[in-house]
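sequence unknown, structure follows:
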């Protein structure tokens, strides 16, 4: 059989040379005409299967004609079977228009989005709007996702809403409009089940639609009272493709928010701590060291001294960030804190070694000679442990 | 459906065949030259069974012995087609899988940009004259299938479409004469004739297509024009009153199609397709544009090739 088939293949090459030069037009024309003559849904559906199989832009007009007819009949519900068949048929049309990237069909497709409840058809229409680049409907899609993010509908609609939300995320990612960042952000932190994939996909989409989302994230960070949202905003900013300068600006704002707020319960306390620590980490790793950060970092030193507001881990993170800020203002704040520690040590108080060493290392790493006096005091102090003195000596060697 | 086995073995739009013609003719002619050279050097090619038989029957003293001419034809077939949005973002892509020697298309799979299978088409070759194409959805379930009947030349005679419950949906039937398709009929599931299309040739060139109603009335027709090299340059679509509905024009560069324009009935351009071809004339990039030259889609096609050897006396 294979030999015979091979023979056919050889023959077909010859035939390709001479006979198969057939334009697609007549195929399109025939199926278009047959579609127009079809009366029942079943007939139309059969012909539509042939039309879609062509995957040809010549078919866009008949696909739009078919969709227009469906849009006009949206209110004719019929029984469940008819509704299902109609939805399948319409989905087939919408999907093909999307795959053909037929932008001219956007006004019809948006009507399906706005007037259909069936989630799979609605979702297919939304995805198609993304594929055809219908950016004129971005705001409508943003609003739809925003409303779904609120999750104020019936609980039995959640699965349906997840299907639509996922489609919205796909479409908005494709449309790449900066104003979609906020609804995508809230979808990435929203109520959706992990199985739906909405949160994960929204997280990816956020990275893809805009390189520098600092402005959008700043608004979210400042305008929302929920600490977990503030934390998510900073986290998104740290993972974004924004430059270091803008990442630092966002981190300073987050640190400020983290210091202004007073937690009302242990959960909020943890969220605020995470916000501050992430802000400090971003500031530490960023090549941009805005002076605006120093007053907030200094405030943490002061609050530690007065109220022990922060635990040792958080203070270590603070010093690691301080180590990268070599301005005089930064080093003055650090040396004042070290003087406070030395004073307490000389008064016989127990000082946590991690805090003292971190403080000393940070001053040394700044390289700023303003740290000389306090580091020397530690090195020659009778009160500090030898390991701390050695750390001070090392730090002194780093000063300019 | 072009009514030809080609659609299943080498999924290539008809418009690209123009480019293919020249490419393959070049290859064939070059190999004719090479073969002639080898013949002159008395380096006989490996004879086929038929060639041996011919040798035996013609081994008479004093008679001129014809050596079989070896023809090597390079056949290119697409293995991957990537679709990009106008802004350059990757959309879907298709993978074409063939049998070991690349002669039969076995599977066509469509994947989303994040590598999720969207649909697949599996071809099963039941015999040399029949095949089944099965269409599967992203969930792996069968959506529909086609039964294809061919003649001994590989031309499709009949294509029956079924849904996944074995309900016949439509039938396409084709007729050929001297290797040329002369008629395409579409029947409903109840075997009622829905449409008949006649293909009319001048010599070997298709010059007119007439689409008829079941009653035989002319519904619309197409007039095809060619340049002096036999390459299609215009295809005009008329309604039954003889008024232009739309048309397509084709422009060539170095013998290969590089621009295809769709025109409205008033002649204005409604759409454009630009082709970038490799040295063999295979379109490796196809750009679809609207009337304003905005890119709607860009296709990138990757090919593999195989060589077919035949002998001609």
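The structure has been received and is ready for your questions. None of these values were measured; they are calculated from a predicted model. Residues are numbered from 1 along each chain as shown, chains lettered A, B, ... in the order given.

element containing residue B:186, please.
strand B:180-188 (DSSP states H and E).

helices or strands next to that strand in the packing?
The elements that strand B:180-188 packs onto, with contact taken as 3 or more Cβ pairs under 8 Å, 6 or more residues apart in numbering or on different chains; DSSP states H and E, are helix A:25-37, strand B:168-177, strand B:193-202. Quick note: C-beta positions are derived from backbone N, CA and C, even for glycine.

For that strand, buried residues please.
Buried residues in strand B:180-188, counted by 16 or more other Cβ atoms under 10 Å in any protein chain shown: B:180, B:181, B:183, B:184, B:185, B:186, B:187, B:188.

same deal with stretch A:381-400?
So for stretch A:381-400, counting by 16+ other Cβ under 10 Å, buried means A:383, A:384, A:388, A:389, A:391, A:392, A:393, A:395, A:396, A:399.

Would you mind listing what in the stretch 101-250 of chain A touches chain B?
A:101, A:102, A:103, A:131, A:133, A:174, A:176 (Cβ under 8 Å from any Cβ of the partner chain).

who touches stretch B:169-184?
A:15, A:18-19, A:22, A:30, A:46-47, A:49-50, B:1, B:3-4, B:144, B:151, B:153, B:155-163, B:185-189, B:191, B:194, B:196-201, B:204, B:206 (Cβ atoms under 8 Å, 6 or more residues apart in numbering or on different chains).

now stretch A:386-400
By Cβ under 8 Å, 6+ apart, stretch A:386-400 touches A:353, A:356-357, A:360-361, A:363-365, A:367-369, A:371-372, A:375-376, A:378-381, A:384.

one more time with 10 Å, if that's ok
A:326, A:331, A:338, A:341-342, A:345, A:351, A:353, A:356-372, A:374-385 (Cβ atoms under 10 Å, 6 or more residues apart in numbering or on different chains).

Any quick PyMOL command for the buried ones out of these?
Restricted to buried positions by 16+ other Cβ under 10 Å, the PyMOL selection for these reads:
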select buried, chain A and resi 326+331+338+341+342+345+351+356+357+358+359+360+361+362+363+364+365+366+368+370+371+372+374+375+377+378+379+383+384
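
In the stretch 151-300 of chain B, which residue sits nearest chain A?
Proximity of the stretch 151-300 of chain B to chain A (Cβ to the nearest Cβ) peaks at residue B:154, 3.4 Å away.

Phi, psi for that residue please.
Dihedral pair for residue B:154: phi 90, psi 0, per degrees, to the nearest 10.

quick one on the thing from earlier: for the helices and strands packed on strand B:180-188, which one sits closest to residue B:263?
helix A:25-37 (11.7 Å; Cβ to Cβ).

Could you identify the helix or strand that succeeds the closest one?
helix A:41-54.

Would you mark the buried spots in that following helix?
In helix A:41-54, counting by 16+ other Cβ under 10 Å, buried: A:41, A:43-54.

One more: stretch B:268-276?
For stretch B:268-276, burial by neighbour count (16+ other Cβ under 10 Å) applies to B:270, B:271, B:272, B:273, B:274, B:275.

Next: stretch B:274-293.
Buried residues in stretch B:274-293 (16+ other Cβ under 10 Å): B:274-275, B:277, B:280-284, B:286-290.

Can you give me the end-to-end span of it?
10 Å (Cα to Cα, to the nearest Å).

distance between it and the chain's centre?
17 Å (Cα atoms, centre = their mean, to the nearest Å).

average pLDDT across it?
Averaged across stretch B:274-293, the pLDDT comes to 93.

so how many other residues sit close to the residue of the stretch 151-300 of chain B closest to chain A?
22 (other Cβ atoms under 10 Å in any protein chain shown).

repeat for residue A:308
9.

Need the pLDDT of it.
On pLDDT, residue A:308 comes in at 87.

Torsion angles phi and psi at it?
phi 50, psi 50.

Give me the neighbour count for the one residue in the stretch 1-150 of chain B that gets nearest to chain A.
Going by Cβ to the nearest Cβ, chain A is nearest to residue B:128 of the stretch 1-150 of chain B, at 4.0 Å. For residue B:128, the neighbour count with other Cβ under 10 Å is 17.

With the one 10 residues further on instead?
Other residues within reach of residue B:138, judged by other Cβ under 10 Å, total 14.

Same check on residue A:242?
21.

Now that the residue of the stretch 151-300 of chain B closest to chain A has come up, it's in contact with residue B:128, right?
Yes - Residue B:154 is within contact range of residue B:128, at 8.5 Å (criterion: Cβ atoms under 10 Å).

Which parts of the stretch 51-200 of chain A are helices?
A:60-72, A:80-99, A:106-115, A:119-131, A:138-150, A:158-175, A:181-188, A:198-209 (DSSP state H, counting those that start in this stretch).

Where does the prediction get shaky in chain B?
Along chain B, segments meeting pLDDT under 70 span B:1-66, B:313.

switch the cut-off to 50
B:1-61 (pLDDT under 50).

same check, this time on chain A
A:1-24.

80 instead, please
Counting by pLDDT under 80, chain A contains low-confidence ranges at A:1-24, A:74-78, A:153, A:261, A:400.
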